[in-house]
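Q: take this sequence and fold it.
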Amino acid sequence: LKELLGQHRVREVVILFDNEVKNDPSLPSFKADPLKRWDTDYYAIRMAQSLYSPEDNIDSARIARLPDDWRINGKIDPDAALAAGRTPGELQKVVKEATIPIQYKEELPYEGRVVVGYKQAKDGLWRSQLKEENGIYIWSSQNKPPEFLSNFLLLPTRQTRRADGTLERVFVALNKQGEESEITIQPSELVSVQKFKQNLLNTGNYHWSGNQKHLDVLARRLFVLASPKVAKESDCFGRLDDGQWVFGDGIMSSGHRYPLGDDGVVWGQSLSGIIPLQDRLCPIPELTMTDREDRLDLCEAYSVWRDNIGTAAVGLGLGWILGCVFSDDIFAELGFYPILGIFGEAKSGKTQLGRWLTSAWGLPVHSQNPLMLGGSTAKGLERTLSKYASMPVWADEFRNSLREKTIHSLRSIYDRSSGVMAQYSADNRTTGSDIRGCLLLSGEEYPTDPALLSRFVFIPMDRNRRNVSKYADARTIAARLPALVSNIIHRRDELLPSVMQCIHEYAERLRPKANDERLVWVYAVPLGVFTALLTNNPQEGSREAIVLRELLAYVEREFSRLILEGQDDDHLLRFWNILNVLTARYNQNRSLINRQHVGLSQDGGFLLIWFSGAFQEFSLFSRQVTGETPFAERTIRSYLTNATYVPSGRAPRRLGGKGEPSRSCIRVDLTHPDCPQQVHELAEKISQEHWDQPGFMESRVVDEDDHERLHHRTYQYEKIEEPASEPEEDEVASQRGFFHNA
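A: Got it, this is the predicted structure:
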């Protein structure tokens, strides 16, 4: 070419080539391998550097590139530019603005600069004494015959950054017999001939006969040849910190979808690839290549599922499962993401609904989908939730009898807090699980733990309400949900402001309906997500408006039920409930809670309680009969004295009639509007049996033996039968059996 240019006395050369996008998977020119995206630029630079030769009278060799905004469908060339209406003057301007090779390389994107530099470094290896000939390594020296060092070549493939931060260099070993094996070479093997040989023999029939000097040169050669592509091993599925979404079949990034390559790596727009999490014990979600064009109508999905399952609560389930897309932002602003609870009797459809909801995220039926809580540890559950970022994790077979650690772990998932474990180290190191997933919990038994109960959005299941004739339609809706989730991920940034606005609007709307702020926000989240994805401004009388009105009415009814149940699960009200149980035989002096513990003021306006004595009976009952350990006396006392219906201060009162000591009693104002119904029931029992009347206890004398039995006893799990000759003992035993059954 130089000779041809010299014949025509050409002194200035400009290399002009096509402008083509090769990193956009939506275009036909897309190349999955980043090393193949910059071949044109590399050869243009190489040609310009080769042509520049002042001694041959070629004083300038520059490179020009057609502007990016000229591209049509990702590609443009000079002929297409003229056909598209570009003028010769515009083309001449492009040629005049051409740059020298060094400047052109510096102006390339980061990926282009790295790839071109990598290819240029490979070009310089011909000067090395270590050469590749006929599929083996030889050592070439002047005035000496070549030395044969191996029966193989090492071909670079990629570098892998493991989840723990270590870097692995991966090559393909190819010997002269055609045997091909992937081999990972550790740094220690490049500084020890023996370790290097051992790794080769462990991999296959590969032999190295060189010494340490030869190995050092090979190491430098391998570093040059090492691919600039770095595949990072992901430690989770779902949303990464950089905004990419990782699934088993590819990744979603910046509105594009990149499929999983044949090498098990997803190469996106840069030299950094992603290896999806490889864990055979985890279900692998496949959502990347889902058809986004299947636009599922959310109103239709709600209506079909409501008719099949028989409750409007499915709208909350849809809002929750789709809200997982935004869970990171919801957590960042509100400090939590609610737990979805599917509870009901056997054969009510819990498992089927759980499978439909998780399948929306491409999660298959798997031995670990759902997790069985009975055979799982708290730490195992937390680690599973760390593997699914902004994705649902389904745990089944909830029981209130689960280990205390498991119950505590379930509570902590709500606000993504995790326990820590100590590691053996000199710097007091600890470790914990980074909870990133969203918990879906199911079972036949509703939670009774108050703190756990208040973190749930409930879907109550009832097999009597199910409409089996709608099952096929409901299953069809479930099969179309992955496309909806994929589309929402694609539009996530666009939808997020509307989602957060709707959540706050529902919180304001629900707040007057409940006096529990946590309950308000827990239900505002799925309601807000469902509304934002359904429509922005539903017209009055439209199908969307009817659906939202129906769902809101259901939530308001649910609030009324949850508030009542929440009161029953309040620790202080539980204390009053158990006191009511312990006075079930209030017409007997041997009642475990009697006039020694409670009484009424003379005007009947206050309930008087000797708290220390009453708490002793409450605590003993809780531990030995219900199996639960109550809060400490100091804690319950603090709850009680801080209650609005308890006036400040205590006064000595004489309970139990004449001869009984004065005790410091807490007064409960029965006229206060916040006074619980359980306290009124207790006061009514006292009034009916005249416990408040002086001298009542004197007519039923309790002897020392009775006091001894009352204060030193053990609750039995079965009714105790006493000899008929001791009727008093029969009464006490009967009372114990009654308490256990209650």
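Q: hmm, who's touching stretch 478-495?
A: 245, 252, 255, 287-288, 290-296, 298, 301, 321-322, 325-326, 355-356, 359-362, 532-533 (Cβ atoms under 8 Å, 6 or more residues apart in numbering). From N, CA and C alone the C-beta is placed, and that goes for glycine too.
Q: show me where the stretch 351-500 of the chain has its strands.
A: Along the stretch 351-500 of the chain, the segments classed as strands by DSSP state E, counting those that start in this stretch run 371-372, 388-389, 392-396, 420-422, 430-432, 438-443, 456-461.
Q: so for stretch 94-105, what's the average pLDDT?
A: Mean per-residue pLDDT for stretch 94-105: 91.
Q: send me that stretch as PDB with only the CA atoms.
A: C-alpha atoms of stretch 94-105 as PDB (Å, rounded to 0.1, in the frame of the first residue of the first chain):
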ATOM      1  CA  VAL A  94     -15.500  14.900   9.000                       C
ATOM      2  CA  VAL A  95     -12.300  14.200   7.000                       C
ATOM      3  CA  LYS A  96     -10.700  17.500   8.100                       C
ATOM      4  CA  GLU A  97     -11.400  16.700  11.700                       C
ATOM      5  CA  ALA A  98      -9.600  13.400  11.600                       C
ATOM      6  CA  THR A  99      -7.100  12.700  14.400                       C
ATOM      7  CA  ILE A 100      -3.700  11.000  14.700                       C
ATOM      8  CA  PRO A 101      -3.800   7.300  16.100                       C
ATOM      9  CA  ILE A 102      -2.700   8.200  19.600                       C
ATOM     10  CA  GLN A 103      -5.400  10.900  20.000                       C
ATOM     11  CA  TYR A 104      -8.000   8.700  18.400                       C
ATOM     12  CA  LYS A 105      -7.300   5.800  20.900                       C
END
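Q: what comes up buried for that stretch?
A: Val94, Ala98, Thr99, Pro101, Tyr104, Lys105 (16 or more other Cβ atoms under 10 Å).
Q: is it possible to get TSV of the residues you listed that adds secondary structure?
A: Output for the buried residues of stretch 94-105, formatted as TSV (DSSP: H, G, I helix; E, B strand; the rest coil):
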residue	secondary structure
Val94	helix
Ala98	coil
Thr99	strand
Pro101	helix
Tyr104	helix
Lys105	helix
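Q: thinking again about what came up before, turn the strands of the stretch 351-500 of the chain into JSON lines, including distance to Ser542, mean pLDDT and mean neighbour count.
A: Listed next are those as JSON lines, based on distance: least, Cβ to Cβ, whole Å; pLDDT from 0 to 100; neighbours: other Cβ atoms under 10 Å:
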{"stretch": "strand 371-372", "distance to Ser542": "41", "mean pLDDT": "86", "mean neighbour count": "16"}
{"stretch": "strand 388-389", "distance to Ser542": "36", "mean pLDDT": "93", "mean neighbour count": "24"}
{"stretch": "strand 392-396", "distance to Ser542": "30", "mean pLDDT": "93", "mean neighbour count": "24"}
{"stretch": "strand 420-422", "distance to Ser542": "51", "mean pLDDT": "58", "mean neighbour count": "10"}
{"stretch": "strand 430-432", "distance to Ser542": "48", "mean pLDDT": "58", "mean neighbour count": "11"}
{"stretch": "strand 438-443", "distance to Ser542": "30", "mean pLDDT": "94", "mean neighbour count": "24"}
{"stretch": "strand 456-461", "distance to Ser542": "25", "mean pLDDT": "91", "mean neighbour count": "23"}
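Q: so which of those strands gets nearest Leu215?
A: strand 430-432 (38.2 Å; Cβ to Cβ).
Q: got the strands of the stretch 351-500 of the chain as CSV, with distance to Met500 columns?
A: Shown next, in CSV, are the strands of the stretch 351-500 of the chain (distance: least, Cβ to Cβ, whole Å):
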stretch, distance to Met500
strand 371-372, 30
strand 388-389, 19
strand 392-396, 20
strand 420-422, 31
strand 430-432, 29
strand 438-443, 17
strand 456-461, 18
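Q: burial measure for Asp279, as a count.
A: By other Cβ atoms under 10 Å, the residues close to Asp279 number 14.
Q: can you tell me the SS state at it?
A: Under three-state DSSP, Asp279 comes out as coil.
Q: just checking, it touches Lys387?
A: Yes - because the distance of 7.0 Å satisfies Cβ atoms under 8 Å, Asp279 is recorded as touching Lys387.
Q: measure Glu517 to Tyr446 for me?
A: 22 Å (Cβ to Cβ, to the nearest Å).
Q: show me which of the two is the more surrounded one.
A: More crowded of Glu517 and Tyr446, by other Cβ under 10 Å: Tyr446, with 15 against 11.
Q: and the pLDDT for that one?
A: 85.
Q: again with Ser542
A: 84.
Q: from Leu534, how far off is it?
A: On the measure of Cβ to Cβ, Ser542 and Leu534 end up 10 Å apart.
Q: settle it for me: which of the two has more neighbours?
A: Leu534 (22 against 13).
Q: where's that one relative to Arg436, distance?
A: 27 Å.
Q: what of Leu125?
A: 45 Å.
Q: who has more neighbours, those two?
A: Comparing Leu125 with Arg436 by other Cβ under 10 Å, the one with more neighbours is Arg436, at 24 against 14.
Q: how about the contacts made by that one?
A: Arg436 touches Cys236, Gly238, Leu385, Ser386, Tyr388, Ala389, Ser390, Arg416, counting by Cβ under 8 Å, 6+ apart.
Q: give me the phi and psi angles of the residue lying closest to the last one once chain neighbours are set aside.
A: I take that to be Arg416. Distances taken as Cβ to Cβ, 6 or more residues apart in numbering place Ile435 nearest to Arg416, at 4.4 Å, with adjacent residues excluded. As for Ile435, its main-chain torsions (degrees, to the nearest 10) stand at phi -70, psi 120.
Q: pretty sure Ile435 is touching Arg411, no?
A: No - applying Cβ under 8 Å, one finds Ile435 not in contact with Arg411, separated by 11.8 Å.
Q: these two: who's more crowded?
A: With neighbours defined as other Cβ under 10 Å, Ile435 and Arg411 compare such that Ile435 has more, 25 against 18.
Q: pLDDT at the closest residue to Leu353 other than its chain neighbours, what is it?
A: Counting by Cβ to Cβ, 6+ apart, Ile342 is the residue found nearest to Leu353 once chain neighbours are left out, at 5.8 Å. We have a pLDDT of 94 for Ile342.
Q: ok, now which ones touch Ile342?
A: Contacts of Ile342 by Cβ under 8 Å, 6+ apart are Gly317, Lys350, Leu353, Gly354, Leu440, Leu441, Ser442, Ile459, Met461.
Q: take the residues you listed and write them to TSV, including distance to Phe148.
A: Below are the contacts of Ile342 laid out as TSV (distance: Cβ to Cβ, whole Å):
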residue	distance to Phe148
Gly317	69
Lys350	69
Leu353	68
Gly354	64
Leu440	63
Leu441	66
Ser442	66
Ile459	72
Met461	74
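Q: closest one of those to Arg663?
A: Looking across these and measuring by Cβ to Cβ, the closest to Arg663 is Leu441, at 45.2 Å.
Q: dump the residue contacts of that closest one.
A: Here Leu441 is in contact with Ile339, Leu340, Gly341, Ile342, Trp394, Ala395, Asp396, Phe398, Leu410, Phe456 (Cβ under 8 Å, 6+ apart).
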